[in-house]
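1. Just need the structure, nothing else, for what follows:
(one chain, ligands or ions: 1)
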Amino acid sequence: MISEILQKAREFETQYGPHIPDSERPTFHATPTIGWMNDPNGFSFYQGECHLFYQYHPYSNEWGPMHWGHLKTRDFLRWERLPIALAPDQDYDSAGCFSGGAVELPDGRQLLMYTGVRRGHNADGYLQDIQTQCLAIGDGLNYEKLRDNPVLDGKNLPQGGSTIDFRDPKVWRDPDGAFYAVVGNRTADGSGAILLYRWIENSKWEFVHTLDASHNQYGKMWECPDFFPLDGKQVLITSPQEMSPIGLEFHAGNGTVCLIGEYSPDGGFARQNVQAIDYGLDFYAPQTVETPDGRRIMVAWMQNWDTVNAKPYNCRWFGQMTLPRELSVKDGRLIQNPVRELEAYRRQRVVHRNIPVSGEINLPGVQGRVLDMTVTIRPTGPDLYRWFRIRVAKDGQHETIIRYRPDQGTLKLDRIRSGLPHDIVHTRSFLVWPRDGELKLRIILDRFSVEVFVNDGEQAASAVIYTRQSADAITFEAGGSALINVEKYDLAFF
Ligand code: FRU
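-> Modelled structure (predicted):
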């Protein structure tokens, strides 16, 4: 049964979505059909195709009562639009269908697990959100919410757990046949924790244990968890709110944290290493999927809550997903690289080797706004370079700068002159580790974004830009002398 609220939202996106021409969108990054998009949801395989749902408010370019938008893909780069999957049409989700996950059931149907939010009064009479976990089952297109929703509420929380910050279930099925979900929660100390639940079909969900908690060290509420084994380790990711800065690793506000450790059902999760996931400006709420060929792929909202007001005047869509990334763990750290499917769309290879740079140069054939470019920088000559700048999306007025300072060991992403008409945070610096004095940067541009992958994925940094598309020059500049290699491909999807 399709509710009136869902029907109306579907008709709205069918009528107005096509008004947005492809030329106003990125070419291979996922965007909403129309209106507002935030977190990726339900990133999962269903009947051989990868589905990606998203937090969606089709009626404006602002956050509003959350629906689940729906896309699917075969290669993580070309996205097919499907009708809206969920709308806030029940008492328990009347204030929104918040983030969650999806999984294929043994009988071939698709299960969506999401947070239902409703407004209610607390003991002091204040109006506040009440968050519970709910299920919907469908065929990959239409979904029926379960009659016994919600399946997890305040009764299923450990002592001190908050019913107003209890959200974002990520669900999966283990080889033993049981289903598991990790859910974010706020504990009695006011900061976040990740709870693990277990479910056998036709029985009730049960709380297993708390996997890890912030204890006010890594931000407050922990949103959007994911939990998966990778390369002999166990990885827990979450997006904390209200973080305090820690060196150049974590910035203030909404951040992302990757906890790498070991897990056993009896001993729980033991964290061994903590790091940021993306070191740029726009990255939040990542979610992962395991592909049939065994790769762990991550996608995130390429935006940050602290910068969402900086949108272009009257834009008809707002919010996009990152380029999906292949993950691995090496020496206890998370490695992220663009999905290998991207290589099939490379065209027009341009290569320049051993180019000396002192002052600012451009190179024949190296320009564009939809491209995949790898630059390696190494010192040369007696006048060792003190800084190196790569400028992209450049014309007389605009530029987005990637700057390396070998003496400080920092890379800086600077989008001050990248077409954002608001005075928000526009630069971010982070530590990088050159190998034998050489730094390798893979830079992906797709009209409205820059994503940088450092040293074969040791770090990644993302930022959205709104620079006009005619600004497509690229230059290289060294303070001192450097030697570079550049390999650049256009990316073509038509
Ligand atoms: C994270 C988040 C989630 C919530 C959703 C609401 O960006 O705050 O915790 O489910 O967005 O749209």
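2. Over in the stretch 101-250 of the chain, which residue gets nearest the ligand? Let me know.
-> residue 223 (3.6 Å; CB to the nearest ligand atom). From N, CA and C alone the C-beta is placed, and that goes for glycine too.
3. for the one helix or strand that residue maps to, what is the average pLDDT?
-> Residue 223 is part of strand 222-230, with elements assigned from DSSP states H and E. Strand 222-230 comes out with an average pLDDT of 98.
4. follow-up on the earlier one: so what's the residue of the stretch 101-250 of the chain closest to the ligand up against?
-> Applying CB atoms under 8 Å, 6 or more residues apart in numbering to residue 223 gives the contacts 99, 167-168, 184, 192, 238-241, 285.
5. if you set the cut-off to 7 Å instead, what comes out?
-> 167-168, 184, 238-239, 241, 285 (CB atoms under 7 Å, 6 or more residues apart in numbering).
6. Could you measure from it over to residue 32?
-> 20 Å (CB to CB, to the nearest Å).
7. Please apply the same query to residue 51.
-> From residue 51 to residue 32 the distance is 15 Å (CB to CB).
8. Looking at those two, which one has more neighbours?
-> Using other CB atoms under 10 Å as the criterion, residue 51 and residue 32 rank with residue 32 on top: 27 against 24.
9. Can you classify the more buried one as helix, strand or coil?
-> coil (DSSP: H, G, I helix; E, B strand; the rest coil).
10. contacting residues around the residue nearest to it when sequence neighbours are not counted?
-> Once flanking residues are discounted, residue 32 sits nearest to residue 317: 5.2 Å by CB to CB, 6 or more residues apart in numbering. Residue 317 is in contact with 20, 25, 31-32, 34-35, counting by CB under 7 Å, 6+ apart.
11. Export these as TSV, with columns for distance to the ligand.
-> Formatted as TSV, the contacts of residue 317 follow (distance: CB to the nearest ligand atom, whole Å):
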residue	distance to the ligand
20	22
25	21
31	16
32	13
34	17
35	13
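12. and the stretch 51-200 of the chain, which residues reach the ligand?
-> With CB under 6 Å from any ligand atom as the criterion, the stretch 51-200 of the chain meets the ligand at residues 55, 66, 98-99, 115, 167-168.
13. so what pLDDT did residue 126 get?
-> pLDDT at residue 126 comes out at 88.
14. does the most centrally placed residue in the chain count as helix, strand or coil?
-> Central residue of the chain (CA atoms, centre = their mean): residue 300, 1.0 Å from the mean position. With three-state DSSP as the basis, residue 300 sits in strand.
15. Likewise for residue 202?
-> Following three-state DSSP, residue 202 is assigned to coil.
16. What score does it have for pLDDT?
-> 87.
17. Check the one 5 residues further on too.
-> Among the per-residue scores, residue 207 holds a pLDDT of 98.
18. With residue 123 instead?
-> At residue 123, the pLDDT recorded in the model is 74.
19. just the helices in the stretch 201-350 of the chain please.
-> With helices called from DSSP state H, counting those that start in this stretch, the stretch 201-350 of the chain shows none.
20. Can you name the residues of it sitting close to the ligand?
-> 223-224, 284-285.
21. thinking again about what came up before, for the residue nearest to residue 32, list each beta-bridge partner.
-> Applying DSSP bridges to residue 317 gives these bridge partners: residue 35.
22. got it, and the one 10 residues further on?
-> Applying DSSP bridges to residue 327 gives these bridge partners: residue 296, residue 336.
23. Now for residue 440: which residues touch it?
-> So residue 440 contacts 374, 376, 455-456 (CB under 7 Å, 6+ apart).
24. Mind telling me what element it is part of?
-> Going by DSSP H and E, residue 440 is in strand 439-446.
25. can you give me the angle the longest strand seen in the chain makes with strand 439-446?
-> With residue count as the measure and DSSP state E as the assignment, the chain has strand 473-491 as its longest strand. If you take axes from the mean of the first three to the mean of the last three CA atoms, to 10 degrees, strand 473-491 sits at 70 degrees to strand 439-446.
26. from the middle of its chain, how far away would strand 473-491 be?
-> Distance of strand 473-491 from the chain centroid (CA atoms, centre = their mean, to the nearest Å) equals 28 Å.
27. and if you look at stretch 120-127?
-> For stretch 120-127, the distance to the chain centre is 34 Å (CA atoms, centre = their mean).
28. Could you tell me the end-to-end distance of that stretch?
-> 5 Å (CA to CA, to the nearest Å).
29. could I get the residues of the stretch 51-200 of the chain next to the ligand as CSV with neighbour count and secondary structure?
-> Listed next are those as CSV, based on neighbours: other CB atoms under 10 Å; DSSP: H, G, I helix; E, B strand; the rest coil:
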residue, neighbour count, secondary structure
55, 25, strand
66, 26, strand
98, 26, strand
99, 29, strand
115, 26, strand
167, 25, strand
168, 30, strand
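30. between those, which is nearest residue 75?
-> residue 55 (23.3 Å; CB to CB).
31. Identify the residues contacting that closest one.
-> 37-39, 41, 66, 99.
32. Residue 422 now?
-> Residue 422 makes contact with 309-310 under the criterion CB under 7 Å, 6+ apart.
33. Where does it sit: helix, strand or coil?
-> coil.
34. how near is it to the ligand?
-> With distances taken as CB to the nearest ligand atom, to the nearest Å, residue 422 is found 20 Å from the ligand.
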